[in-house]
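>>> Following is a predicted model, sequence given first.
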Amino acid sequence: MTLAATAFVEDGQEFVLLSYPVARPPSWDRLSGAEREVAEALLDGWSNACIARDRGVSVRTVANQVASIFRKLGVRSRAELATRS
């Protein structure tokens, strides 16, 4: 991985922010765009109901997407998803 450096000035002081780029595992390529959005929300700790409300879909739709995400990524729970991401 390549280390990135970003310089900036704040309140007259110079800072350099060092960071590594974060990339999702290649297995995330198997997910559709909607599934990726739902997976990101799951990693942020959102409930199915919150995801459904935010995306304007039914809770059942989100539940189906979560099941599809788990199947495609080979995980069985939100906790396992978090540890593999």
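Ah, there it is.

>>> As a check, name the ranges of all strands in the protein.
Taking DSSP state E, the strands of the chain run over residues 4-10, 13-19.

>>> With mean neighbour count and distance to residue 48 added, can I get those in CSV?
Just so you know, the C-beta spots here come from the backbone N, C-alpha and C atoms, and that holds for glycine as well. CSV is the format used below for the strands of the chain (neighbours: other Cβ atoms under 10 Å; distance: least, Cβ to Cβ, whole Å):
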stretch, mean neighbour count, distance to residue 48
strand 4-10, 8, 35
strand 13-19, 8, 32
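
>>> Out of these, the one nearest residue 43 is which?
Among the strands of the chain, the nearest to residue 43 by Cβ to Cβ is strand 13-19 (18.7 Å).

>>> Please list the residues outside the closest one that contact it.
Outside strand 13-19, the residues that touch it by Cβ atoms under 8 Å, 6 or more residues apart in numbering are 3-9.
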